[in-house]
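> Fold the following, please.
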Amino acid sequence: MAEVTRRRTGEFVKKLFEVLMTSNGAVRAQDAIVRVRQSFTLSPYEAGSYGSGGSRFEKILRFATVDCVKAGWLSKAKGQWEVTEAGRRAFGDFKDPEAFYKEACRLYAIWKAGRDTVASEVQSALASAPMADAAEALSVTLEEAEEQAWTQVETFLRTRDPFEFQRIVADLLEGMGYHVSWISPPGKDGGVDIVAHTDPLGTTGPRIKVQVKRWQSRVDLDNLRSFIATIGHADVGLYVCLGGFTKDAEDYARAQESRRITLLDADRFFELWIEFYAKLTDAARQRFPLTPIYFLSPR
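Now for the predicted structure:
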C-alpha cells in the first residue's frame, strides 16, 4: 500500500519552514504550499487526490503542520502562516528533516497528554486513534474553510472602488458611534479622506481625520509622515491600509506624543467590522455583506 514516510513528511515540513523563514512576515498558506510543492518531484501517490477530493500532497503537509502548531513552532491566523522564534531555533537545532519532524511530533504528544489530563481515566480509555485522526481532520478542514473565507474577504475589499471603500470605512466609524461629517469626493483630498466627530455637530473634540488606502503594499514611514503632517494637535489621525504598515511606520506612530495616530490593517479592520456588525446600518451591511457560519470546533 502506498504511503508517505515520516522522513518524507519531514522533508516537506522542513522545506515549508525554509519558505516561511525567507519571507518577510507571514505568508498566505496556499502560496506557501504551492512553493513547497514546486521544490519536490512528487510520487504518483503524493501527486494524487483522495476519493473525497483534495490534493493528497496538500493534506499530508497540512496534517503535519498540526504537530508544528502544537509544538509552538508555527502560528496560523486568517490563512497566514508564520514561523515562531521557537520554530526558528528548532529549524537550526534539527538539521535532519526526519529528526525535525519527529521532535514536533514529540512536543505535540506532550501537549496532547497535558490536555487529556483534564479528562477522566474512563474518557481516556475510550479515546481511540481513529477518533484522534477525526479531530485532526476536522481541524484541517476548519483551517481550510477559514483560509478560503479570509481570501474572499480580502479580495472583496481590495477590488472595491476606492471611493466605495472609503464609504465602507465611514460605515464602520458610524457603527462605532462616531459622526461622519465629510467623505472626500473624487479628486485631490489634501491627504484626508474622511472627517468624523464624537458628537453630531462637531462641537466637542477630538476631530478624527482618516486616510484610506486599499494598497496591497505596506505604508512606509515617509507616507505616514505625510499624513501626520495634516493632523492638528487637537485631532486624532486614523490611517487605514489593507496592506498594513512597515515596522518603521508602526514604531513612529507608537512614539508620537503630541499627535495621536491609530493604524488599521486588514485584520484589525475586519475584527472591528465583526465586533460592531450589529450596530451597522442595513446599507452598510449591503456594501460589505457577511454571513456568519458556525462549526463544532475540535478539542
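> Tell me the secondary structure at Tyr239.
strand (DSSP: H, G, I helix; E, B strand; the rest coil).
> Run through the residues that contact it.
Applying CB atoms under 8 Å, 6 or more residues apart in numbering to Tyr239 gives the contacts 210-211, 213, 219, 224, 227, 245, 253, 261-264. Quick note: C-beta positions are derived from backbone N, CA and C, even for glycine.
> How about Arg88?
Contact analysis of Arg88 by CB under 8 Å, 6+ apart lists Met21.
> do Ala229 as well
Taking CB under 8 Å, 6+ apart as the criterion, Ala229 is in contact with Gly191.
> Now do the phi/psi pair for Ile168.
Phi and psi for Ile168, reported as degrees, to the nearest 10, are phi -60, psi -40.
> Any figure for the gap between it and Gly237?
Distance, Ile168 to Gly237, using CB to CB, to the nearest Å: 19 Å.
> Neighbour count: these two, which is higher?
Neighbour tally, Ile168 and Gly237, criterion other CB atoms under 10 Å: the higher count belongs to Gly237, 24 against 19.
> ok, back up a step: so which of the contacts of Tyr239 are in strands?
Within those, membership in strands is found for 210-211, 213, 261-264, as judged by DSSP state E.
> Strands along the stretch 51-200 of the chain, start to end?
Ranges of strands within the stretch 51-200 of the chain are 74-77, 80-83, 179-183, 194-197, based on DSSP state E, counting those that start in this stretch.
> Domain boundaries for the chain, per the record?
6-157, 162-287 (automatic domain parsing).
> Figure out which of those domains is closest to Ile293.
The closest of those to Ile293 is domain 6-157. By CB to CB, the value is 8.1 Å.
> what's the nearest residue to Lys112 if we skip its chain neighbours?
Lys70 (7.3 Å; CB to CB, 6 or more residues apart in numbering).
> wait, the one you found sits on Leu107?
Yes. Counting by CB atoms under 8 Å, Lys70 does reach Leu107; the two are 6.8 Å apart.
> about what we covered before: which of the contacts of Tyr239 are buried?
Buried subset of these (neighbour count, 16 or more other CB atoms under 10 Å): 210-211, 213, 219, 224, 227, 245, 253, 261, 263-264.
> if I look at the residue nearest to Thr198 when sequence neighbours are not counted, how far off is Ala32?
Spatially, and ignoring its direct neighbours in sequence, Thr198 is nearest to Thr204 (5.9 Å; CB to CB, 6+ apart). For Thr204, the distance to Ala32 (CB to CB) stands at 49 Å.
> What about Glu11, how many residues nearby?
Using other CB under 10 Å, the number of residues around Glu11 comes to 20.
> Excluding covalently adjacent residues, which one is nearest to Glu11?
Nearest non-adjacent residue to Glu11, counting by CB to CB, 6+ apart: Pro97, 4.5 Å away.
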